[in-house]
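Participant: Test case, fold it:
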Amino acid sequence: MGEPTLPDTSLHTALRAQVAARAEQLTSLARDLHAHPETAFEEHRSAAVLAELFQNADFRVERGTAGLPTAFTATAGPDDADLTIGFCLEYDALPGLGHACGHNIIAAAGAGAALALAAVADDLGLRVKALGTPAEESGGGKIHMLRAGAFDDVSCALMTHPGTDDEVGTTSLASRHVGVTYTGRAAHAAVAPHEGVNAADACVVAQTAIGLLRQHLPDGTRLHGIVTEGGARSNIVPERARMSWQFRSGTHAELEELWPRVRACFAAGALATGCELTLTEPTPAYADLRQDTWLSERYAHHARLLGRTPRRPASVGASTDMGNISHVMPSIHPTIGLGSTALPHTSGFAAATTGPAADRAVLDAALTLAGTAADLAQNPERRAEVVQAHRQRPTSADADASPAGRPDPVDAAGTWA
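Facilitator: From the prediction side, this is the model:
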C-alpha cells in the first residue's frame, strides 16, 4: 500500500507521519468493525472498541453520551482553545446486510483524522473532539447528541462517507419516518364478516391515497413505505395492521409542508374503514445536508493531492442525520470512492467496504480530513469567522436554537374512529 502524500510542509508532513504510523491499526479497525456489524443503538462492541482506542491515546473519553449507551466523545488538546474540530464517527450497520453503508470506514477514518490532528493540536491551538454517533441508519444518534449538548463546544463538524465515487459539496434530502397503526375489530371472515372492522383495508386505502398524491408532489420528493403487520390468517378479519413510512423532500421546510398532506392519506384509511389511527415517530426528522463551501474546497484540494478526482453532483438523494448538524455549524460530509459499481445498502457494497480499496479509503479519508481541519486552523480569516459564529450560536439549552435540532414530535397523538 503506497504512503499517502500531502504538500511538503512541516505540518502536513507530521499529519502524514501520524496516519502512516497508524495505518495498520486503522485498517485493522475498519476490518474488525466490518466483521462484527451491529445495528442501530446496539453497537456496544463497536463503541467500546473505539472508545478504548481513544483512551489508549490519552484522549479524555466520555461514554454513554446523551444518555445513549453506544455513544461517546473523546477530546484532546488545550481546554482553552478557541477552535474545536469535531469528527463524527458512525458505526451502525444494516439489518441483514452488515456494513452495506460503510460505516466501518467512516469510524476508522474519523478516528484516524482525530488521532493525527491531536498530535499537532498544541501547535495549532485547537481542540479535537471525536464524537461516536450511533444509529445513523435509523434513530438519529447525532440529533439526540445535538439536543443533549454534545456538540455545544464543537466549532465545526467533519466526516466522510464511502461511496462509488469521490464527491464533495452534495446535498441530501430531509427525511421523516412515521409508524402507522390501524386498530379495527376482529371477526370470522366467513361467518360474520359484517361484524369486523378491517385494519388491513385501512392500509390499502392509505397506500392508494399516497399513490395518487405522488402525481402532485414536487420533483425530488420521495414517499416509500412497507406493511409490517397485516393480519394473522386469511379467515380472520385483521384487527390490527401496521405500516412503516418514510417521506423525503429537498429541505426541512418542504418536509414540514408535505406532512399534513401525507397525514391526510393515513387519516383517509381510518375514515373509510372505521378504524382508529395512531401515528408515531420512531426517529427524529433528518434535515437536508448543507455542506460548508470553504471546507469542501479544502477537502477536495487534499483529495486531489492523493490522486482522487472528486466531483460535485447536485444531491446524493439519500438522507443523513449529519444534515441536522450542518444546520447548526459549518460541516462537511464528502464521499470517498471505493471504485465499486455496487450501490450502498446492497450486499455488493457490503463486500466493497472491506479489502484493499476500503483500506486505502480509510487512510486517504483520515489524512484528507485532518488536512482540511489543519487548513482551517491556519487560515486566520476563516478561523475567525468560524470561531465568531460558534460564540454567537445558541446552545442546546435553547430549545428553539434550530428547526433541525428542536424536538419534533408527530402531531397525531389523537385517533380517528
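Participant: ok, what's across the strand from the closest residue in space to residue 59 that isn't next to it in sequence?
Facilitator: The shortest distance from residue 59 to any non-neighbouring residue, by CB to CB, 6 or more residues apart in numbering, is to residue 74 (3.9 Å). C-beta: built from backbone N, CA, C; applies to glycine. According to DSSP bridges, the partner residues bridging residue 74 are residue 61, residue 130.
Participant: Tell me which residue of this structure is furthest from the middle?
Facilitator: residue 191 (50.5 Å; CA atoms, centre = their mean).
Participant: what are the ranges of the helices in this protein?
Facilitator: Taking DSSP state H, the helices of the chain run over residues 10-21, 23-35, 44-56, 103-118, 121-124, 141-148, 199-213, 252-273, 293-305, 322-326, 347-352, 356-378, 380-392.
Participant: quick one: the residue nearest to residue 322 when sequence neighbours are not counted and residue 362, what's the gap?
Facilitator: Of all residues not flanking residue 322 in the chain, residue 333 sits nearest, at 4.8 Å (CB to CB, 6+ apart). Residue 333 is 17 Å from residue 362, where distance means CB to CB, to the nearest Å.
Participant: Repeat that for residue 375.
Facilitator: Distance from residue 375 to residue 362, counting by CB to CB: 21 Å.
Participant: same question, residue 155
Facilitator: Where residue 362 is concerned, residue 155 sits at a distance of 25 Å (CB to CB).
Participant: higher neighbour count, the two?
Facilitator: Legend: neighbour count by other CB atoms under 10 Å for residue 155 and residue 362, higher for residue 362 (30 against 24).
Participant: Please read off the pLDDT at that one from the model.
Facilitator: On pLDDT, residue 362 comes in at 98.
Participant: give me every residue that touches it.
Facilitator: 26, 27, 30, 105, 108, 109, 112 (CB atoms under 8 Å, 6 or more residues apart in numbering).
Participant: my guess is the fifth one meets residue 27, correct?
Facilitator: Yes. Taking contact to mean CB atoms under 8 Å, the distance of 7.2 Å between residue 108 and residue 27 places them in contact.
Participant: Give me the more crowded residue out of these two.
Facilitator: Between residue 108 and residue 27, counted using other CB under 10 Å, residue 108 has the larger neighbour count: 32 against 23.
Participant: Grab the nearest non-local neighbour of that one.
Facilitator: residue 30 is the one closest to residue 108 (CB to CB, 6+ apart), at 3.8 Å.
Participant: And for the one you found, the neighbour number?
Facilitator: 29.
Participant: Compute the number of surrounding residues for residue 43.
Facilitator: So residue 43, with other CB under 10 Å, has 29 neighbours.
Participant: can you put the helices of the chain in CSV and add distance to residue 184?
Facilitator: Rendered in CSV, the data for the helices of the chain read as follows (distance: least, CB to CB, whole Å):
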stretch, distance to residue 184
helix 10-21, 59
helix 23-35, 44
helix 44-56, 39
helix 103-118, 40
helix 121-124, 61
helix 141-148, 34
helix 199-213, 4
helix 252-273, 7
helix 293-305, 51
helix 322-326, 37
helix 347-352, 38
helix 356-378, 49
helix 380-392, 53
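Participant: tell me the pLDDT at residue 91?
Facilitator: We have a pLDDT of 98 for residue 91.
Participant: OK, contacts around it?
Facilitator: Neighbours of residue 91 in contact, by CB under 8 Å, 6+ apart: 33, 38, 43, 46, 47, 50, 103, 104, 106, 107, 132, 134.
Participant: swap in residue 169?
Facilitator: With the criterion set at CB under 8 Å, 6+ apart, residue 169 makes contact with 291, 293, 296, 300, 312, 334.
Participant: Which pair of the residues you listed spans the longest distance?
Facilitator: 293 and 334 (12.2 Å; CB to CB).
Participant: Poorly predicted segments of the protein, please.
Facilitator: Scanning the chain for pLDDT under 70 picks out 1-8, 314-316, 397-417.
Participant: Quick check: can you list the domain ranges of it?
Facilitator: With automatic domain parsing as the criterion, the domains of the chain are listed as 10-172+289-392, 174-280.
Participant: list the contacts for residue 63?
Facilitator: Residue 63 sits in contact with 47, 51, 72, where contact means CB under 8 Å, 6+ apart.
Participant: Take those residues and lay them out in CSV including neighbour count and distance to residue 255.
Facilitator: Converted to CSV, those look like this (neighbours: other CB atoms under 10 Å; distance: CB to CB, whole Å):
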residue, neighbour count, distance to residue 255
47, 26, 30
51, 22, 34
72, 26, 30
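Participant: How about stretch 337-354, which residues are buried there?
Facilitator: Neighbour-count burial for stretch 337-354, with 16 or more other CB atoms under 10 Å as criterion, is recorded at 337, 338, 340, 342, 344, 349, 350, 351, 352, 353, 354.
Participant: likewise stretch 258-270?
Facilitator: For stretch 258-270, by 16+ other CB under 10 Å, it's 258, 259, 262, 263, 265, 266, 267, 268, 269, 270.
Participant: quick one: the strands in the stretch 151-300 of the chain?
Facilitator: Ranges of strands within the stretch 151-300 of the chain are 156-158, 161-163, 174-183, 222-229, 240-249, 276-280, based on DSSP state E, counting those that start in this stretch.
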